[in-house]
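[1] just coords:
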């Protein structure tokens, strides 16, 4: 049965942004894990998720020799890495390409469904969608028996941080409440390994703490610490049977909420205004920019896994038939050139350079992923065909970017055919990417226990792409 988060996600996670983060982030660096192997082990992972399905053929796997109805109007340019050419509209990233490994041969056409929910699930967990995804498509909500996200596996397997949560997601949880995207939760591991979701808005991109404080009306710490009053408010909001599993989960949410709300330094921890102005200018002013800057602060503080889900722009929904993100069913080229690529290019390049300059890139794995690629042949019938200049969903082929965490920069792994329709050399699937993340984080033991105390193996398929390291 579906796992509904109605109790939870506004009451706890709105409080959640108040957070474990009540401390000086820059002064909290997690100790390196003990490893018996002579290899670099990343302390943290930052995953940037380009929500909607980023076009691989227009960005990092361009095909300038393909027919025009495939290649489009963009041109590839040389970068700081001899083996990598990127889109001309990624000038900042081109200067940081020596840090990048581009995996171009990722595809899931045999087991995916072609819709967003299955794409989220497969790429966030490394597990192929089961038959319920094929039956329900985008109506398939999260189930308690789902496989856990990579973030939750890291939260389970890495030693807990003494003050901060092990997995943090910002600036939002993906999906409207009634159709929450599967794959981003701990599911069968139990909610104690769920990421803490922190809200941010396009209107106030520096104020990550503001939505979180709304639960208590921005009360002073003394009022927030009135636990009896808060308990009464929470209990009135959601009452469950004493012996039910939901009550057990609710108690966990309450405990976490109290821990979050009890910090007197929450606002200071999320005050991006405390960052030097020159640093903030390098990243840019928008919510996706400030989210990447916040991700750097959190890994600097020792958080093991930080996810940045791209925050869409409602203006693009009409302009690109995209839902506001990278799902460019229409007007693909103008939307990428004028809006999406510039909004990604500057802060992501700044993040890579910032991590490098601070000596954090070697200990931080950076991953850019998405739920699918886009159809190489231009023209989606739902948005005017070839004249609409859009690209449809294309789970058969996509690319991901990796950097840091022991990855050798300046390389491309795998190839696609001459039209970027299907993987050619060294084909891989999302389970290979998940295994690679776990390998980078020093997670070799993938045994776990589910919510009911039953042992299981977290991932049987795939292998780490050790050639990248």
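    Thanks, I have the structure now. Quick caveat: nothing in here was measured; it's all calculated off a predicted structure.

[2] going by C-alpha atoms from here, please, whenever you check contacts or count neighbours.
    Fine.

[3] does residue 69 touch residue 387 like I think?
    No. Between residue 69 and residue 387 there is no contact under C-alpha atoms under 8 Å: 10.9 Å.

[4] the residue lying closest to residue 132 once chain neighbours are set aside: what's it in contact with?
    Leaving aside its chain neighbours, residue 132 sits nearest to residue 140 (7.0 Å; criterion: C-alpha to C-alpha, 6 or more residues apart in numbering). Listed by C-alpha atoms under 8 Å, 6 or more residues apart in numbering, the contact set of residue 140 reads 117, 132-133, 179, 182.

[5] could you do residue 157 as well?
    residue 443.

[6] and the gap between it and residue 447?
    For residue 157, the distance to residue 447 equals 9 Å [C-alpha to C-alpha, to the nearest Å].

[7] and residue 70, by the same measure?
    Separation of residue 70 from residue 447 (C-alpha to C-alpha): 44 Å.

[8] between these two, who's got more neighbours?
    residue 70 (23 against 11; other C-alpha atoms under 10 Å).

[9] check which helices and strands the helix or strand containing the more buried one is in contact with.
    Following DSSP states H and E, one finds residue 70 within helix 68-71. In terms of contacts (3 or more C-alpha pairs under 8 Å, 6 or more residues apart in numbering; DSSP states H and E), helix 68-71 is not packed against any helix or strand.

[10] what are the buried residues along that helix?
    For helix 68-71, burial by neighbour count (16 or more other C-alpha atoms under 10 Å) applies to 70-71.

[11] what's it in contact with?
    Against helix 68-71 from outside (C-alpha under 8 Å, 6+ apart): 57-58, 62-65, 376-378, 419.

[12] and these, which two are the farthest apart?
    Farthest-apart pair in those is 65 and 378; separation 15.2 Å (C-alpha to C-alpha).

[13] more neighbours: the two, which one.
    The residue with more neighbours, out of residue 65 and residue 378, is residue 378; 23 against 10, by other C-alpha under 10 Å.

[14] from residue 91, how far out is the more buried one?
    Distance from residue 378 to residue 91, by C-alpha to C-alpha: 24 Å.

[15] what residues of stretch 155-166 count as buried?
    Residues of stretch 155-166 classed as buried by neighbour count (16+ other C-alpha under 10 Å): 155-158, 160-161, 163-166.

[16] same deal with stretch 418-436?
    Within stretch 418-436, the residues that count as buried by 16+ other C-alpha under 10 Å are 418-424, 427-436.

[17] contacts only, for residue 344.
    Counting by C-alpha under 8 Å, 6+ apart, residue 344 has contacts 288-289.

[18] look up how far residue 406 lies from it.
    Distance of residue 344 to residue 406, given as C-alpha to C-alpha: 24 Å.

[19] hmm, back to that, now the buried members of the contacts of residue 140.
    So, by 16+ other C-alpha under 10 Å, the buried ones in these are 117, 133, 182.

[20] for the nearest residue to the last one once chain neighbours are set aside, give its distance to residue 181.
    If I follow you right, that is residue 182. Spatially, and ignoring its direct neighbours in sequence, residue 182 is nearest to residue 142 (4.6 Å; C-alpha to C-alpha, 6+ apart). Separation of residue 142 from residue 181 (C-alpha to C-alpha) stands at 7 Å.

[21] before we move on, what about residue 359?
    Distance, residue 359 to residue 181, using C-alpha to C-alpha: 35 Å.

[22] those two - which one has more neighbours?
    Set residue 359 next to residue 181 and count neighbours by other C-alpha under 10 Å: residue 181 wins out with 23 against 11.

[23] quick one: which of the buried ones among the contacts of residue 140 is nearest to residue 395?
    residue 117 (11.7 Å).

[24] list the contacts of the nearest residue to residue 134 once chain neighbours are set aside.
    Closest residue in space to residue 134, ignoring its immediate chain neighbours: residue 113 at 5.9 Å, by C-alpha to C-alpha, 6+ apart. Going by C-alpha under 8 Å, 6+ apart, residue 113 touches 119, 129, 133-134, 137, 395.

[25] and if you look at residue 293?
    Counting by C-alpha under 8 Å, 6+ apart, residue 293 has contacts 280, 283, 347, 351.

[26] rewinding a little: possible to save the contacts of helix 68-71 as CSV with secondary structure?
    Formatted as CSV, these follow (DSSP: H, G, I helix; E, B strand; the rest coil):
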residue, secondary structure
57, coil
58, coil
62, coil
63, coil
64, coil
65, coil
376, coil
377, coil
378, coil
419, coil
